[in-house]
Structure formats: structure tokens, C-alpha cells
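Novice: Need coordinates for the below:
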Amino acid sequence: MFENLTERLSESLRRVAGKAALTEDNIKDTLREVRQALLEADVALPVVKDFVDQVRQRAVGQEVMKSLSPGQAFLKIVKAELEASMGTANEALNLSVQPPAVILMAGLQGSGKTTSAAKLSRLLKQQGKKVMVVSADVYRPAAIKQLETLAGEVGALFHPSSETQRPLDIADGALQAAKLQFADVLIVDTAGRLAIDAEMMEEIKALHARINPVETLFVVDAMTGQDAAVTAKAFNEALPLTGVILSKADADSRGGAALSVRAVTGKPIKFLGVGEKTDALEPFYPDRIASRILGMGDLLSLIEEAERKLDKSKADKLAKKMKKGGKGFDLEDFRDQLQQMTNMGGISSLLDKLPGMGGLAQAAAGVDMKQFARMEAIINSMTPKARRNHDLLNGSRKRRITEGSGTSVQDLNRLLKQHKQMQKMMKKMSNKGAMQNMMRGLQGMMPPGGGFPR
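Specialist: Residues are numbered from 1 along each chain as shown. Predicted coordinates for the structure are as follows:
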């Protein structure tokens, strides 16, 4: 996410590193490059102009603290202005009303409304809420069935509807059902169109007036760039939007939508859709996103994601084996780690949130993610005995395993080599002082003050 913008801004900000002071002359070229980077990221032109003007105003003549280089001081200013463009803090859903709290989902067709409704249901259920969902989309074939399937997947209540009903009648029925079943939240999915039109706006305005939602969320595809802000503005003029969900943000390498929507509409981005699975929805934190854009990582989000997605019992089991220098670390443990890595979004997703690792994340993004699935298939084709002791694998057993998993003997040998390397790493980590030395090494890779990568 935001890879192109991160690379361009990091390169631009190096221009002022090592300068004795911040002046109009020595930041002029840097600001020009920052402006170009934002335009290439498809940020709306008025937003770019305001951003650059604010940075120039704050940077020129600023007294640089003794502990900071001018480059780091300039970075701090840019980060603050990025946060200001996207909002100063995360704005949570307002659900402090008499249940059921109604959430209305709006947006164009294909923006990801239905999937986002299911993702939001899952997130609210994890917070202890009883959630019901209903589809008022009577135009798109299979829209109702899709939501029913997703509701079953996330464990939300589903209120049935049909294409022969009027959207207003569907909403009325769902509201009554939510009250009877003591649901805390009712999420209403609405119909989208391929473009903004008067008929769609009138229908959704009537629906909004009927159910009086506490939250009206506009779902927009992040990959549409500044067009996302234009569409959001049009919806905001027709409906009293309370927030935005940026879907498909994991595929948006530019970042234009994230930087434009808040500035153009005045409405906060509340969530980011960061994958296709129903657990791939994150609260939007402007300060954390600004850090990631500038290559400074996002450790808080990484920790929170690990708490939600990692299996604690398996993590504890691995930690114990690491303390023993990898003793007893077998192929079943290795498979568990592959699954945990996949649940966290893969290697590139992890590196993207680590300070100074943006470049490595971009390189890892090109790695064939099917490799994890291939490795897991190989291990699954083994007998439990072979997983616990792979020394039993002779030539004929290797052929049987690879034929059963649709892989090659070379793939299997590569897997065994990687497992052995991981055991060696655990042995090194168990040595006294190894962890401290590794942390010192990582600190040495970072510039003073934790700034942008060199």
C-alpha cells in the first residue's frame, strides 16, 4: 500500500538532509518533487496545492532543534501535514444510541459495499456486538444471496429479502426483526450503480429518511484515486455521510484516494479494506498511515493485527522451542508458521509495517505468494510420522509426497532446506546475548531519530 508514493517522497526528502538550515532555496527543489510525487499518486490538485503551501509556510525559517538535522525537521513537518490532510485521529463508529444502531452502506456498484458490510459485521462481533445484516439491493443479480453467504461466514444474523420487494419495505422489515431479536447493530446494504444518477440518489435518500441511520458510510474503491474523492463529494451532497470506507486499499500503490477524500469531503475515513477475506478491515489511523507513507513503519497496527489473527497457543509453542534452540521444531510446526504468516497478509504486509523496510516490502510483494500454499501442500501430503521426523524420507517416499501434492522433488528438497535454516536460526537466537546483538544491529540500520530510510 502506497509503495510508489513512499519511494518518491523518501527520495525527495533526502534532498534536504545535511543542510545547516531550512531556507526557501534549499527546500524549493524538494517541494517541487514532493508536489510531483503527490500528483503522480493521483491526489486531487487542490489538496496538493494546499499541502505544499502549508509545508513551505511551516518549513521556511523554522528554528531547527539541536537534536534534529534539518532533514529530520522537514520530515516531521511533512508527516504532520500528511496527518492533517487525512484527519488528526481515528474516528470510531458512533453506536451510543438505543439499539439497534442502524448503519447504511452507500457507494457505486463494484466498490465493495457488500463485502465491506460483512467485514464490518465481523469487526463489530469481535467487539461483542450482536449484528444483523440485510440487503436492499434488488437490482444486482445474486446480491442478496452473496450477503447471506457472507453473513453465515462471519456469524451475523441475516434478514431475508427478495428482488420483488421495495427497498423501503425491506428496510422496515429488517428494522422490526432487529428489534425482536435484540440486535445491537443493523447494517443495511444498498444498491449501487455504474455511475451517479438522480434515480439512485432519490432512492437512497428516501431509504435514509425512513430508517434514520446513526452512521451512513460511503464505500469507495481506493484504486480510483482522486475520482474517489469526487464521487464521495457527490454522495455527501445528497446524503449526510458520517464516514468513508476505502476498499481495496491493499492494491492501491499510489495513495491518492486516502489523501484526497477527507480534504475534499470533510468526512473522515473510518476504515481501510486491506484484502478480500472478511477479517481484512482495519480502523483508519491518519498518524499510522502517514508513518507508513514516509517509510517509518506502523508497529502499533502490526501488534494489533498479531493479537487478532495469530494463534496464541501455537505462538507459545514456537517460543518454547526457540528457547531450546529449535529442538523439536518439526515440519508440523513449520506448517503452522506458514499459516500464521499467510493470516498476517504475507511477508510484504509485515515488512510494510516495519520501520525502514518499505523497500524490502516492495521486493517481497513480487514473490510468488502461491509458494506458501505449495509448501503447505507438500507437508500435508506427508504422514504424521514423517512430519515429526523428516529423516525418514527416502527417494520413494519423496516421490509419493510430491505426486500427492502436485509438486516436484526439487520443491520438497527446497522446503527441507528452508526448515533446516529456520532451525539454525533458532539455535543462534537461543544463545546468550543473540537477541540483544540482533536488536543493536537493527538499530544501526535506522537513521538517528527513526527518520526516513537512507
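Novice: going forward, measure contacts between C-alpha atoms and count neighbours the same way
Specialist: Fine.
Novice: tell me the pLDDT at residue 315?
Specialist: On the pLDDT scale, residue 315 is placed at 67.
Novice: swap in the one 3 residues further on?
Specialist: At residue 318, the predicted lDDT confidence score is 69.
Novice: got it, and residue 149?
Specialist: On pLDDT, residue 149 comes in at 94.
Novice: Then residue 454?
Specialist: The model reports residue 454 with a pLDDT of 33.
Novice: Could you do residue 254 as well?
Specialist: So residue 254 comes in at 61 (pLDDT).
Novice: The one 4 residues further on now?
Specialist: According to the predicted model, the pLDDT of residue 258 comes to 75.
Novice: Could you check which helix or strand contains it?
Specialist: Applying DSSP states H and E as the criterion places residue 258 in helix 256-265.
Novice: what lines up beside whichever helix or strand comes after that helix in the sheet?
Specialist: Where DSSP H and E defines the elements, the next helix or strand beyond helix 256-265 is strand 269-273. Sheet pairing of strand 269-273 (DSSP bridges) gives strand 243-247 (parallel), strand 281-283 (antiparallel).
Novice: can you put those strands in TSV and add mean neighbour count?
Specialist: Listed next are the strands paired with strand 269-273 as TSV, based on neighbours: other C-alpha atoms under 10 Å:
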stretch	mean neighbour count
strand 243-247	27
strand 281-283	20
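Novice: Tabulate those strands (JSON lines), appending distance to residue 41 and mean pLDDT.
Specialist: Formatted as JSON lines, the strands paired with strand 269-273 follow (distance: least, C-alpha to C-alpha, whole Å; pLDDT from 0 to 100):
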{"stretch": "strand 243-247", "distance to residue 41": "16", "mean pLDDT": "88"}
{"stretch": "strand 281-283", "distance to residue 41": "22", "mean pLDDT": "88"}
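Novice: Nearest to residue 46 among the ones you listed would be which one?
Specialist: The closest of the strands paired with strand 269-273 to residue 46 is strand 243-247. By C-alpha to C-alpha, the value is 19.8 Å.
Novice: so the closest one versus helix 256-265, what angle?
Specialist: Here strand 243-247 runs at an angle of 160 degrees relative to helix 256-265 (axes from the mean of the first three to the mean of the last three C-alpha atoms, to 10 degrees).
Novice: hmm, back to that, name the helices or strands packed onto the helix holding residue 258?
Specialist: With contacts defined as 3 or more C-alpha pairs under 8 Å, 6 or more residues apart in numbering; DSSP states H and E, the packing partners of helix 256-265 are helix 45-59, helix 70-86, helix 226-238, strand 269-273.
Novice: can we see that at 7 Å?
Specialist: helix 70-86, helix 226-238 (3 or more C-alpha pairs under 7 Å, 6 or more residues apart in numbering; DSSP states H and E).
Novice: So which of the ones you listed is the most surrounded?
Specialist: helix 70-86 (a mean of 21; mean count of other C-alpha atoms under 10 Å).
Novice: Pull out the buried positions in the very next helix or strand once past that helix.
Specialist: Next along the chain after helix 70-86, taking DSSP H and E as the criterion, comes strand 101-106. Across strand 101-106, burial judged by 16 or more other C-alpha atoms under 10 Å covers 101-106.
Novice: Which residue ranges of the stretch 251-400 of the chain form helices?
Specialist: For the stretch 251-400 of the chain, the helices defined by DSSP state H, counting those that start in this stretch occupy 256-265, 286-293, 299-309, 312-323, 331-343, 346-352, 358-365, 370-380, 384-388, 395-405.
Novice: can you tell me which of those the model trusts least?
Specialist: helix 358-365 (a mean of 49).
Novice: domain ranges for this structure?
Specialist: 3-86, 101-294, 309-450 (automatic domain parsing).
Novice: Among these, which comes closest to residue 93?
Specialist: Nearest of the domains of the chain to residue 93, taken as C-alpha to C-alpha: domain 101-294 at 7.2 Å.
Novice: hmm, back to that, can I get the domains of the chain in CSV including distance to residue 95?
Specialist: Formatted as CSV, the domains of the chain follow (distance: least, C-alpha to C-alpha, whole Å):
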stretch, distance to residue 95
domain 3-86, 23
domain 101-294, 6
domain 309-450, 25
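Novice: out of the ones you listed, deepest packed?
Specialist: Compared across these, domain 101-294 shows the largest average neighbour count, a mean of 20 (mean count of other C-alpha under 10 Å).
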